[in-house]
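Enquirer: Give the three-dimensional model of this entry:
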Amino acid sequence: MSNEHFNNALSGFIQDFAGGGAVRHMADMGLTVREIRDRLDYPLSESVVADIVWKHFTDTGVIRLSIPDSSPIEKKSYIKETDSYGRTSFRMVTEKTEAPDEGYIECTFGILKAKDGRAYDEALNRLESRDREYISGLPWPRQKVWHVADERMHRIMGILRS
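Expert: This next block holds a predicted model:
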């Protein structure tokens, strides 16, 4: 492994350690990436916050990268542990949960942004500022993904489909 790879991994670990828990908590509360970044005491860039939120959403099943089915979702979380010598470590815990009752909504924001940036911007401009900020703040991949069909996504997709 080169020094650059090691430094990138170390940087990611430090950033997640410094603010990851707070970022995930605020994401669960419904805050946008920008709102989260503005509330942090530790200075994280908007792209780092977006990556943490995206990983959290994919780890918890809020966003699925493959077509959702009725199989249980494996939610991943991390537990901080301290051994008898005072050393701190993190352990990943996986738990199976049922798919949300609300179901999922197919999202192609990343595809649209890559294919036609102007159409993407025009679509987002139809949204209220907070909803626009929610969509534009996440690093949508250039593929179909599925987002939990919560109130926010119903509102966003209702406006975009009208």
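Enquirer: which residues are contacting the helix or strand where Ala123 lies?
Expert: For Ala123, the enclosing helix or strand under DSSP states H and E is helix 117-125. Helix 117-125 is contacted by residues 109, 112-113, 132, 135-136, 160 when judged by CB atoms under 8 Å, 6 or more residues apart in numbering. C-beta: built from backbone N, CA, C; applies to glycine.
Enquirer: before we move on, what about stretch 45-57?
Expert: 15-16, 19-20, 23-24, 27-28, 33-34, 36-37, 40, 44, 62-63, 137-139.
Enquirer: before we move on, the earlier item: so which of the contacts of helix 117-125 sit within helices?
Expert: 109, 112-113, 132, 135-136, 160 (DSSP state H).
Enquirer: pLDDT and distance to Asp150 added to these, as TSV?
Expert: Output for the ones in helices among the contacts of helix 117-125, formatted as TSV (pLDDT from 0 to 100; distance: CB to CB, whole Å):
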residue	pLDDT	distance to Asp150
Phe109	96	16
Leu112	95	21
Lys113	95	22
Arg132	96	17
Ile135	97	13
Ser136	96	18
Leu160	93	15
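Enquirer: that older thread, separate out the buried members of the contacts of helix 117-125.
Expert: The neighbour count (16 or more other CB atoms under 10 Å) marks 109, 112-113, 132, 135-136, 160 as buried among the contacts of helix 117-125.
Enquirer: any idea which of the residues you listed is the one closest to Lys96?
Expert: Phe109 (28.4 Å; CB to CB).
Enquirer: Gly86 versus the residue lying closest to that closest one once chain neighbours are set aside, what's the distance?
Expert: The shortest distance from Phe109 to any non-neighbouring residue, by CB to CB, 6 or more residues apart in numbering, is to Trp140 (4.2 Å). Here Trp140 is placed at a distance of 42 Å from Gly86 (CB to CB, to the nearest Å).
Enquirer: Looking at those two, which is more packed in?
Expert: Trp140 (22 against 6; other CB atoms under 10 Å).
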